[in-house]
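[1] The following comprises the amino acid sequence and a computationally predicted model.
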Amino acid sequence: MNYRITTIPGDGIGPDIVREGCRALDAIGKKFGHSFAYTETLAGGSALDATGEPLPQATLDACLASDAVLLGAVGGPKWDTLPGAKRPEKALLGLRAGMKVYANLRPALMFPQLSAACPLKAEIVAKGLDILIVRELTGGIYFGDRGRNAAGDAAWDTEAYSVAEIARVVKIGFESAMKRQKRLCVVDKANILETSRLWREVTEGMKGQYPAVELSYMYVDNAAMQLVRNPGQFDVIVTSNMFGDILSDEASQITGSIGMLASASLGDSGPGLYEPIHGSAPDIAGKDLANPLATILTCAMLLRYSLGLPKEADAVEAAVASVLDAGWRTGDIAGGASDRAALGGKLVGTRKMGDLVVRQIEAM
Ligand code: NAD
């Protein structure tokens with residue numbers, strides 16, 4: 001099959017990691033008989049420099065006309081002093097809204113080969129760490145009515161959710177749980193918030209369709225605590241936009257490896273938006289130091305969720321695991337100074353790490 005992928009390399013390390021993601025996809029294409037046609041577009045700071053807009057209409061049009069979108073990262077100090085509407089990050093909100101991707105899937109997966117990087121005690125993560133957080137992405141307080149009173153001495157932001165908005169993201173939670181360990185936890189603040197009570201009502205109305213899924217509810221303050229106390233209790237978490245923003249960052253940090261974590265943002269139909277969870281890392285941009293594995297694993301999600309190619313997705317993930325098993329590391333996952341010294345020639349840069357994954361796919 002032929003697939004159309006729109007790429008948005010973005011800023012900082014974005015172009016380097018997206019290049020490695022595309023090379024991994026091409027290796028998969030060769031192996032499994034697919035071809036990927038890439039349309040490279042601008043967003044973020046590079047788009048501001050070229051067009052004056054963080055998200056040019058041509059970029060959104062290309063995204064909507066493709067099978068999937070691969071984004072590197074946007075932003076950097078060069079654009080930090082610009083007003084809100086002209087900030088590179090504005091492109092992210094514009095893409096999510098324009099592509100109507102309302103569910104953000106963020107796996108927090110600890111690779112056993114990298115367990116030393118986990119900041120939790122070894123006994124807490126003895127059984128590994130593999131959580132999927134499904135965050136509602138286009139509703140709630142980030143998109144609700146907001147403002148200030150005339151005197152400017154009071155302000156408000158409104159959390160609002162409709163039954164339809166809740167049902168579609170909870171459905172993704174149930175369906176994701178069905179493909180994993182069949183446990184779904186709805187995280188909310190139903191002891192206080194009316195929107196949370198509506199989330200529970202809607203979920204209760206749906207649970208009969210998924211009898212195999214063990215459903216639970218947890219208040220967000222407790223969930224924040226449980227994630228560091230006993231993360232193994234979670235399989236899939238589904239939650240609102242703001243709670244998901246905070247919890248998914250917490251969950252990713254407990255894996256210890258920001259350069260390894262992927263994400264997918266999905267809607268009802270149309271292309272999904274795929275990006276590593278890290279930012280544009282301006283401190284290491286252009287130095288061949290960025291870890292491309294988060295982006296390569298993001299490509300695995302793209303293959304699985306948007307192109308319906310699970311075997312190919314598994315192959316990418318297996319290739320990454322083999323490269324780690326063989327001891328290859330980029331700086332961010334290399335441990336302390338003595339670990340790095342011990343790595344010798346196995347401490348590699350962006351390009352070489354991408355090469356290793358490509359070679360592993362070819363050798364499968
Ligand atoms: P960051 O994720 O870019 O960097 C945090 C730290 O992690 C840095 O030390 C960086 O070098 C390191 N790091 C990140 N990705 C890495 C990788 N692949 N390999 C090795 N090391 C890696 O976060 P930040 O410094 O807070 O933000 C930098 C810029 O990125 C800001 O302009 C921010 O707004 C933007 N940002 C963009 C996105 C996005 O595009 N989705 C997300 C977060 C931050």
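    Happy to help now that I have it. These numbers come from a predicted model, not from an experiment.
[2] all contacts plus neighbour counts: C-alpha atoms, from now on.
    Noted.
[3] What does residue 234 show for phi and psi?
    Note on residue 234: backbone dihedrals following degrees, to the nearest 10 are phi -100, psi 140.
[4] Quick one: neighbours of it, just the number.
    When neighbours are counted by other Cα atoms under 10 Å, residue 234 registers 19.
[5] and what of residue 170?
    28.
[6] In the sheet, which residues pair with residue 263? Tell me.
    Beta bridges link residue 263 to residue 275 when assigned by DSSP bridges.
[7] Provide a list of residues in contact with residue 117.
    By Cα atoms under 8 Å, 6 or more residues apart in numbering, the residues touching residue 117 are 255, 256, 257, 333, 335.
[8] same thing but 7 Å
    256, 257, 335 (Cα atoms under 7 Å, 6 or more residues apart in numbering).
[9] which one among these gets closest to the ligand?
    Using Cα to the nearest ligand atom, residue 257 is the member of the contacts of residue 117 that lies nearest the ligand, at 8.7 Å.
[10] And stretch 277-287, end to end?
    End-to-end distance for stretch 277-287: 20 Å, by Cα to Cα, to the nearest Å.
[11] Contacts made by that stretch with the rest, please.
    11-14, 73-76, 258-259, 261-263, 290.
[12] ok, and which of the residues you listed reach the ligand?
    Under the cut-off given by Cα under 6 Å from any ligand atom, the ligand has 73, 74, 75, 76, 259, 290 from these close to it.
[13] Phi, psi for residue 177 please.
    According to degrees, to the nearest 10, residue 177 has phi -60, psi -40.
[14] Go ahead and confirm it touches residue 236.
    Yes - with contact defined as Cα atoms under 7 Å, residue 177 reaches residue 236; the gap is 5.8 Å.
[15] Now do the shared contacts for those two.
    Common contacts of residue 177 and residue 236 (Cα under 7 Å, 6+ apart): 183, 184.
[16] residues contacting residue 302?
    Residue 302 makes contact with 68, 274 under the criterion Cα under 7 Å, 6+ apart.
[17] Show me the contacts of stretch 277-287 that map onto helices.
    The helices, defined by DSSP state H, take in residue 14 from the contacts of stretch 277-287.
[18] Filter the contacts of stretch 277-287 down to just the ones in strands.
    Cross-referencing these against strands under DSSP state E gives 73, 262, 263.
[19] Contact partners for the first one?
    Pointing back at residue 73 there. Counting by Cα under 7 Å, 6+ apart, residue 73 has contacts 9, 10, 11, 14, 279, 280.
[20] Count the residues that sit near the third one.
    Okay, so that is residue 11. Neighbour tally, residue 11, other Cα under 10 Å: 25.
[21] Get me the contact residues on the stretch 201-350 of the chain for the ligand.
    Neighbours of the ligand within the stretch 201-350 of the chain, by Cα under 6 Å from any ligand atom: 259, 278, 279, 280, 281, 282, 283, 284, 290, 291, 292, 332.
[22] Separate out the buried members of those residues.
    Among these, those classed as buried by neighbour count (16 or more other Cα atoms under 10 Å) are 259, 278, 279, 280, 281, 282, 290, 291, 292, 332.
[23] any chance of these in a markdown table, plus pLDDT?
    A markdown table is the format used below for these (pLDDT from 0 to 100):
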| residue | pLDDT |
| --- | --- |
| 259 | 92 |
| 278 | 94 |
| 279 | 95 |
| 280 | 97 |
| 281 | 97 |
| 282 | 97 |
| 290 | 97 |
| 291 | 97 |
| 292 | 98 |
| 332 | 92 |
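[24] Enumerate every residue touching the spatially most central residue of the chain.
    Nearest to the geometric centre of the chain sits residue 263, at 1.9 Å (Cα atoms, centre = their mean). Residues near residue 263 by Cα under 7 Å, 6+ apart: 105, 106, 107, 274, 275, 276, 277, 298.
[25] How about residue 46?
    By Cα under 7 Å, 6+ apart, the neighbours of residue 46 are 10, 11.
[26] Tell me how far it lies from residue 264.
    To residue 264, residue 46 is 23 Å away according to Cα to Cα.
[27] Can you give me the neighbour number for the residue lying closest to residue 309 once chain neighbours are set aside?
    Residue nearest to residue 309 in three dimensions, not counting chain neighbours: residue 303, with 5.2 Å by Cα to Cα, 6 or more residues apart in numbering. Residues near residue 303, counting by other Cα under 10 Å, number 21.
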